[in-house]
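Q: Here is the input, now give the coordinates:
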Amino acid sequence: MGLLCLPIYIMREKLVIYQVFTRTFGNKNLTRREYATMAENGVGKMNDFDTAVLRRIRNLGVTHLWYTGVIRHATCTDYSAFGIPRQNPHVVKGQAGSPYAITDYYDIDPDIAVDVDGRMAEFEALVVRTHAEGMKVIIDFVPNHVARQYKSIARPEGVEDLGEGDDTGKHFDAQNNFYYCPGEPLDLSCISVNAYAAGADPYREFPAKCTGNDRFDSHPQQNDWYETVKLNYGIDYCDAGGRSHHFNPTPSTWKKMTDILLFWAAKGVDGFRCDMAEMVPHEFWEYATQLVKERYPQIIFIGEVYDQGQYRTYVQSGFDYLYDKVGMYDCVRGVICGERSAAAITREWQQVDDIRDHMLYFLENHDEQRIASGFFAGDACKGIPGMIVSALLRQNPIMVYAGQEYGEQAMDKEGFSGQDGRSTIFDYWTVESIYRGYFDRRHLTAGQKRISLVYQGLLRLCNREKAIREGETFDLMYANTQSYQFNPRRQFAFLRKADDEVLLIVANFDAERVHIDVTVPAHAFDFLGLPEQEVEMTDLLSGATQTIVLRKDGQVPMDINGNFGRILKFNIKMKTVEYVLNSHNKEEFPPAHTAEHLLNQLMVRMFGTERSRNAHIERKKSKMTFTLDHKPSRKEEKAIEDEMNRLIAEDMPVTFEMVSRDSIPDGISLEKLPEDASEMIRLVRIGDYDVCPCIGRHVRSTAQIGRFELLGTNWDEEKHAFRIRFKVVPA
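A: Below is the predicted model of the structure:
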């Protein structure tokens, strides 16, 4: 059975979350020496997320930006000159330290500030900038453990620090913030000597605090979270009768951690990604999320929960979204690597169908190996069909890790992290694909550009297409498992529908191009209200169109390239003859035709004019005429040429979408369309800079236009007509 139940509620926005590791994202230092200090390898700053960078992230289709590692954590770098306590390197992982070993919940990590003393002001400005670019802010909340040398120097006046007032003579007390090993010192003899600890004094802790990964003795081992200590939420894990709960009166830790959440919510943070949420009792989450949402109703909580048996409990306790790691991630990864059948994806969504809108899909994050690494698929292209399924299957959120859209391999050997297919969170480093993608786009490879355009196309569809954003889903796999013209091990197919618009989506996990027939069962027609009729389908990935007769239990034939997919859109209210785009007999030169769109929008913005009504676009020389209120000066003419080349260099994606006349976005005029124009309109978008109805041919991104050269201008004083003559020199 391939049916998904009706949604419990309609989502106005599909969350597209972009995770950045703040410390490495903006680092432009290419030294990249193993085990190096911050002075040698450099570090990224919050100020690296300027308007241009944020706009490029937003142009991916991102709605929420998760800044990982902004709260102050343990590090080997000495900031004592700024009044920040030093950390003993024996209990720090890596030179830069783990962002999940928090040393002060009320402080910003000094590494990522230009002005260390003004680090909180820089964070507040970052929140404002992110909001100004139309995105919401998510930060980490680490509730289960803190760094061994936790000490808050930034807590508000009157706030009691963690551990302050603890009875250290007890292993457990409901009002203690930590667990202790009374009378025993911490024993680190089983821990390898830290490469950064040469010359450092031994670390002494008495009595020993219990370790963050639920280790309740004084002898942590190498693979334990030895650099952290466990927070006490009122559970005695070592009670003689088994775990016992002591939640009345409310434990001190509950109150202190909720106050921390409220502190950051007051800073304008829109959501929290809660680290290892399942290691904290769900009763605390019910208490904390209720209090926070009473004051900040729109704030969201994302839980890192791996025990599928506890999913519903944590949703009921106030979590808006949970990682779907053990289910969907593990399955899709297995399909990408050829270890599992694509048909297995069906079982994974069915397992959590009752809480489907709460599941967060992803293929990469800071904990997981990169798709392109030798430890995963070895090729970023192999992840594309997985992204098609993850991003488009449901209404629930999708998350992308910075660099994923450029095929980051993460095969560097950075230091503490080692070569493991992950981008380090422990070392000072520069992630090359991110550096190229955001700060040196001239050196992006053709493959990196191709991957980024595919990702951008998919992520932008998430909220541009109503069928993806809030439509119903019908899984087609049960009707295609027995067909010799469809391989359920390597292809996955489903339908999405909202109002009269339908998407037939097929992901091909095979490396080879395939010709398949997709069966659309009678039940899909009945459930989605599909008529049996002839329709024109347009592929939102390639722009190709095909006419299909939809019949119950009939087949839709298609060719799909290897490691790719099809997103076929059609409208059930449109007859085929109405759906065909109006024809034209021009054979445009795509670079010049795309430059025409850019120049139109540039003149609108620079001079407040209308788009050109008299354009002749040719390969050798093009002309466009605009009606202006004055003759542009030489300086203004030079500004036109300079700004055109700046826009071209931004390498904005050129994409399109098919919409019916009654779905045209606000601000788009159809005046210039011919009288016989079709009911379905093709909109061409250049990033978020321009959108215009057009049926011509274009380049895939603005960098492919080449160089814009202004050949000359003419001014007609009587008509106030300004004619621009230009050519483009292709890249």
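
Q: List the residues that contact residue 386.
A: By C-beta atoms under 8 Å, 6 or more residues apart in numbering, the contact set of residue 386 is 332, 333, 335, 336, 363, 371, 507, 509. All C-beta atoms are positioned from the backbone trio N, CA, C, and that covers glycine.

Q: Next step: those residues restricted to helices.
A: Residues of the contacts of residue 386 located in helices (DSSP state H): 332, 333, 335, 336.

Q: Output these as JSON lines; include the columns neighbour count and distance to residue 532.
A: Shown next, in JSON lines, are the ones in helices among the contacts of residue 386 (neighbours: other C-beta atoms under 10 Å; distance: C-beta to C-beta, whole Å):
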{"residue": "332", "neighbour count": "29", "distance to residue 532": "33"}
{"residue": "333", "neighbour count": "20", "distance to residue 532": "38"}
{"residue": "335", "neighbour count": "23", "distance to residue 532": "32"}
{"residue": "336", "neighbour count": "23", "distance to residue 532": "36"}
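
Q: For those residues, work out which two are farthest apart.
A: 333 and 335 (7.4 Å; C-beta to C-beta).

Q: for the contacts of residue 386, which one is nearest residue 123?
A: Nearest to residue 123 among the contacts of residue 386, with distances taken as C-beta to C-beta, is residue 363, at 28.8 Å.

Q: what's the neighbour count on that closest one?
A: 25 (other C-beta atoms under 10 Å).

Q: thought it was touching residue 371?
A: Yes. Assessed by C-beta atoms under 8 Å, residue 363 is found in contact with residue 371 at 6.1 Å.

Q: Residues in contact with both of the two, list them for me.
A: Applying C-beta under 8 Å, 6+ apart, one finds that residue 363 and residue 371 are jointly contacted by 383, 386, 404.

Q: Just the pLDDT for residue 363.
A: In this model, residue 363 is scored at 98, pLDDT.

Q: what's the answer for residue 195, then?
A: Predicted confidence (pLDDT) for residue 195: 73.

Q: Spatially nearest residue to it (excluding sequence neighbours)?
A: Spatial nearest neighbour of residue 195, chain neighbours left out: residue 35 (5.8 Å); criterion: C-beta to C-beta, 6 or more residues apart in numbering.

Q: Can you tell me the element the one you found falls in?
A: Under the criterion DSSP states H and E, no helix or strand holds residue 35.

Q: Hmm, residue 427 and it touching each other?
A: Yes. Proximity of residue 35 to residue 427 meets the contact threshold set by C-beta under 8 Å, at 7.4 Å.

Q: Strands of the stretch 1-150 of the chain, start to end?
A: Taking DSSP state E, counting those that start in this stretch, the strands of the stretch 1-150 of the chain run over residues 16-21, 64-68, 71-73, 102-108, 136-141, 145-147.

Q: and the second one, what does it pack onto?
A: The reference is to strand 64-68. Judged by 3 or more C-beta pairs under 8 Å, 6 or more residues apart in numbering; DSSP states H and E, strand 64-68 is in contact with strand 16-21, strand 136-141, strand 271-274.

Q: any idea of the angle that strand forms with strand 16-21?
A: 20 degrees (axes from the mean of the first three to the mean of the last three C-alpha atoms, to 10 degrees).

Q: Relative to strand 64-68, what are the paired strands and their orientations?
A: The pairing partners recorded for strand 64-68 under DSSP bridges are strand 16-21 (parallel), strand 136-141 (parallel).

Q: Which one, of those strands, ends up nearest to residue 497?
A: strand 16-21 (20.8 Å).

Q: what about residue 639, which SS state?
A: Following DSSP: H, G, I helix; E, B strand; the rest coil, residue 639 is assigned to helix.

Q: any low-confidence regions in this structure?
A: Within the chain, the ranges that satisfy pLDDT under 70 run 1-11, 574-588, 660-664, 666-667, 669-680.

Q: 50 instead, please
A: Scanning the chain for pLDDT under 50 picks out 1-11, 576-586, 676.

Q: export the helix or strand residue 473 falls within as PDB, just CAs?
A: Here residue 473 sits within strand 472-475, counting by DSSP H and E. The C-alpha trace of strand 472-475 is given here as PDB (Å, rounded to 0.1, in the frame of the first residue of the first chain):
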ATOM      1  CA  GLU A 472      -0.400  15.500  -0.400                       C
ATOM      2  CA  THR A 473       2.000  12.600  -1.100                       C
ATOM      3  CA  PHE A 474       1.300   9.300  -2.700                       C
ATOM      4  CA  ASP A 475       4.100   6.600  -2.700                       C
END
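
Q: Going by neighbour count, list what's buried in that strand.
A: Residues of strand 472-475 classed as buried: 472, 473, 474, 475 (neighbour count, 16 or more other C-beta atoms under 10 Å).

Q: So residue 615 lies in a strand, does it not?
A: Yes. Assignment of residue 615 by three-state DSSP places it within a strand.

Q: and the helices and strands packed on strand 64-68, which is most packed in?
A: Burial of the helices and strands packed on strand 64-68 is given as mean neighbour count (mean count of other C-beta atoms under 10 Å); strand 271-274 ranks first at a mean of 26.

Q: what helices or strands is the helix or strand immediately after that strand in the chain leaning on?
A: Downstream of strand 271-274, the next assigned helix or strand under DSSP H and E is helix 282-295. Identification of packing neighbours for helix 282-295 by 3+ C-beta pairs under 8 Å, 6+ apart yields helix 252-266, strand 300-303, helix 311-316.

Q: Go through the ones you listed and pick out the most buried.
A: Comparing the helices and strands packed on helix 282-295 by mean count of other C-beta under 10 Å gives strand 300-303 as most buried, with a mean of 24.

Q: roughly how far apart are residue 237 and residue 335?
A: According to C-beta to C-beta, to the nearest Å, residue 237 stands 38 Å off from residue 335.

Q: just residue 519 next, same as before
A: According to C-beta to C-beta, residue 519 and residue 335 sit 20 Å apart.

Q: again with residue 90
A: 43 Å.

Q: With residue 644 instead?
A: 44 Å.

Q: what do you get for residue 642?
A: According to C-beta to C-beta, residue 642 stands 48 Å off from residue 335.

Q: go on, residue 272?
A: Distance from residue 272 to residue 335, by C-beta to C-beta: 31 Å.

Q: number of nearby residues for residue 718?
A: 5.

Q: With the one 4 residues further on instead?
A: Other residues within reach of residue 722 by the criterion other C-beta under 10 Å amount to 22.

Q: likewise the one 3 residues further on?
A: The local packing of residue 725 (other C-beta under 10 Å) involves 15 other residues.

Q: hang on, it in a strand?
A: Yes. Remark: residue 725 belongs to a strand, assigned using three-state DSSP.
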